[in-house]
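Trainee: For reference, the sequence and a predicted model appear below.
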Amino acid sequence: MKIPHLVLAVFVAVTTFSPALLPGADTASSSHYLQAFDAIPPLNPQDRKYLLEKEWRGHPLDSNAGQLLGQHDREFKLLREASKSGTAVDWKMNMSAGPFTPMPQLARARDLAKLCLLRARWQLQSRQDAAASEEIITAIQLGSAVSDQSSMLTASIRLTINDLVCALVAERWFELKNETVQDVLKALDRKPIGGTFASVIRSEKIISYDWLLRIIKEAQAKFPADDKKALQSVSEQIHPIFPDPQNQGAPIETQIITAAGNTTAGLTRYVTAIGPLYTELEQVFRMPYPECKGAAEALDRKISTHTNLFVRQILPKVWDNRERELRSEAFVAMLHAALEMRLDPAKAASAIANPNGTGPFLSTRFLLDGSDRGFKLKSNLPFKQIEPAIIFTEKTGPGFMVMGAKIGQKVP
């Protein structure tokens, strides 16, 4: 759903977590996560800025960070226990609020995964290898658990956490003992329980399409003899989900109602026209590479030039999201390949499957200022903005970016 200004506001604003926020979240695995989320107190603004917003890549954690990270060891044990279930987590979110559906577990999961990985960084630095292994595995499982079948945003959180795991392991590669490598490899080999973009499209339809049809029907029932008031009710409810037109004419909801003929019956027909596009979205998101690229770009053009204003406003960018998903899958596969090669040095990267690519991973040495610092694995997926590659640091020295848009560059 392409209304991130609203969904993200709900996602970010609700940073404390209580079982009461998610009625019916009573499965064993979700209850364990809820207990852990509730037990670990949120960081105060100062500590949050210090731990989660400071650039730690390429720099050792200081004693202050270590002290903050160790404050709630007992509570983090609850999180580790919750992650060991390995079963799908039913958060039982009530989607009746449509785009206003609270998703408080997302903010908590994202922050706790970051804290787990910071704790792992500290433990590796302190030579507590077994503890570091547990924290990395907890982050992996948390990313899967939170990305249920709810929305594009929940699936996106899984990709973010996966990328963070890959970056930490690659950066601290030289500190990992084989026991840790084996543990992380086993965690990656567990069957993924999280949602993909393709798997959440039906829920996205409930959040947007079904909600729009329902509020129109409810407005008609509330004002059966006054269609103007019914339209005003709908307009007030949909106004917050659209961005400010910024002096570019009438508010978007007014433009939509006008285009629909200024009647609730016309508005219903206008919304109904969106329905078939969700089927197209799901089909394209399920396509493998390279077939999905052309199909996604064609669907993006169809959406961006569609005469229906709702289509242009609420449907997601198809190729941008699919490309990100493919790239994250490649990162995880490269991490898996590196772990396997670490345990079996005779195994070559070319012998390990490259998901969605047309050939094996390319393995090269990485030099920084003329000094050999490690090896680089790269997929041949032709992504433009971010290179699908990871550098695994084998020797200490000045910090550098191991993946992302600035891969290979020194950390400031």
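Mentor: Noted; the coordinates are in hand.
Trainee: Outline the domain layout of the chain.
Mentor: Taking automatic domain parsing as the reference, the chain has its domains at 4-195, 201-316, 329-393.
Trainee: distance of residue 50 from residue 198?
Mentor: 38 Å (CB to CB, to the nearest Å). Where C-beta positions appear, they are placed from N, C-alpha and C, glycine not excepted.
Trainee: More neighbours: these two, which one.
Mentor: residue 198 (18 against 15; other CB atoms under 10 Å).
Trainee: quick one, what contacts residue 127?
Mentor: Counting by CB atoms under 8 Å, 6 or more residues apart in numbering, residue 127 makes contact with nothing.
Trainee: Surely it is in a helix?
Mentor: No - counting by DSSP: H, G, I helix; E, B strand; the rest coil, residue 127 is not found in a helix; it is coil.
Trainee: pLDDT at it, what is it?
Mentor: Turning to residue 127, the model gives it a pLDDT of 94.
Trainee: And for the one 4 residues further on?
Mentor: Here the pLDDT value assigned to residue 131 is 96.
Trainee: And the strands in the chain?
Mentor: For the chain, the strands defined by DSSP state E occupy 362-368, 371-378, 389-393.
Trainee: What is the last one packed up against?
Mentor: When contacts are defined as 3 or more CB pairs under 8 Å, 6 or more residues apart in numbering; DSSP states H and E, strand 389-393 packs onto helix 152-171, helix 318-343, strand 371-378.
Trainee: hmm, try it at 6 Å
Mentor: helix 152-171, strand 371-378 (3 or more CB pairs under 6 Å, 6 or more residues apart in numbering; DSSP states H and E).
Trainee: what's the answer for the second one, then?
Mentor: With contacts defined as 3+ CB pairs under 6 Å, 6+ apart, strand 371-378 has these neighbours: strand 362-368, strand 389-393.
Trainee: Check which residues of that strand are buried.
Mentor: Along strand 371-378, these residues count as buried under the neighbour rule (16 or more other CB atoms under 10 Å): 373-378.
Trainee: what do you get for the first one?
Mentor: Neighbour counts over strand 362-368 (16+ other CB under 10 Å) mark 363, 366, 368 as buried.
Trainee: Pull the residues that contact that strand.
Mentor: 349, 372-378, 391, 400 (CB atoms under 6 Å, 6 or more residues apart in numbering).
Trainee: and of the residues you listed, the nearest to residue 143?
Mentor: Closest approach between the contacts of strand 362-368 and residue 143, by CB to CB: residue 377, at 20.8 Å.
Trainee: The nearest residue to that closest one once chain neighbours are set aside: how many residues sit nearby?
Mentor: Spatial nearest neighbour of residue 377, chain neighbours left out: residue 334 (4.4 Å); criterion: CB to CB, 6 or more residues apart in numbering. Neighbours of residue 334 under the rule other CB under 10 Å: 27.
Trainee: ok, residue 334 to residue 269 distance?
Mentor: 48 Å.
Trainee: Hmm, residue 295 is touching residue 282, no?
Mentor: No - the criterion here is CB atoms under 6 Å, and residue 295 misses it with residue 282 at 11.9 Å.
Trainee: Stretch 182-202: end-to-end distance?
Mentor: 37 Å (CA to CA, to the nearest Å).
Trainee: contact partners of it?
Mentor: 86, 88, 133, 136-137, 140, 144, 147-149, 151-152, 155, 158, 278, 281-282, 285-286, 321, 325, 336, 339.
Trainee: Make a ChimeraX selection of whichever of those residues turn out to be buried.
Mentor: Restricted to buried positions by 16+ other CB under 10 Å, the ChimeraX selection for those reads:
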select :88,133,136,137,140,144,147,148,149,151,152,155,158,278,281,282,285,321,325,336,339
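Trainee: Can you report phi and psi for the closest residue to residue 41 other than its chain neighbours?
Mentor: Spatially, and ignoring its direct neighbours in sequence, residue 41 is nearest to residue 72 (7.1 Å; CB to CB, 6+ apart). Recorded main-chain torsions at residue 72 are phi -130, psi 50, according to degrees, to the nearest 10.
Trainee: can you count the residues close to residue 72?
Mentor: Neighbour tally, residue 72, other CB under 10 Å: 16.
Trainee: still on that earlier bit, let's have the helices and strands packed on strand 389-393 in TSV, adding distance to residue 408 and mean pLDDT.
Mentor: Output for these, formatted as TSV (distance: least, CB to CB, whole Å; pLDDT from 0 to 100):
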stretch	distance to residue 408	mean pLDDT
helix 152-171	12	93
strand 371-378	8	96
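Trainee: what's the distance between the closest residue to residue 284 other than its chain neighbours and residue 285?
Mentor: The shortest distance from residue 284 to any non-neighbouring residue, by CB to CB, 6+ apart, is to residue 295 (4.8 Å). According to CB to CB, residue 295 and residue 285 sit 10 Å apart.
Trainee: One more: residue 129?
Mentor: Between residue 129 and residue 285 the computed distance is 39 Å (CB to CB).
Trainee: How about residue 182?
Mentor: Applying CB to CB to residue 182 and residue 285 gives a distance of 34 Å.
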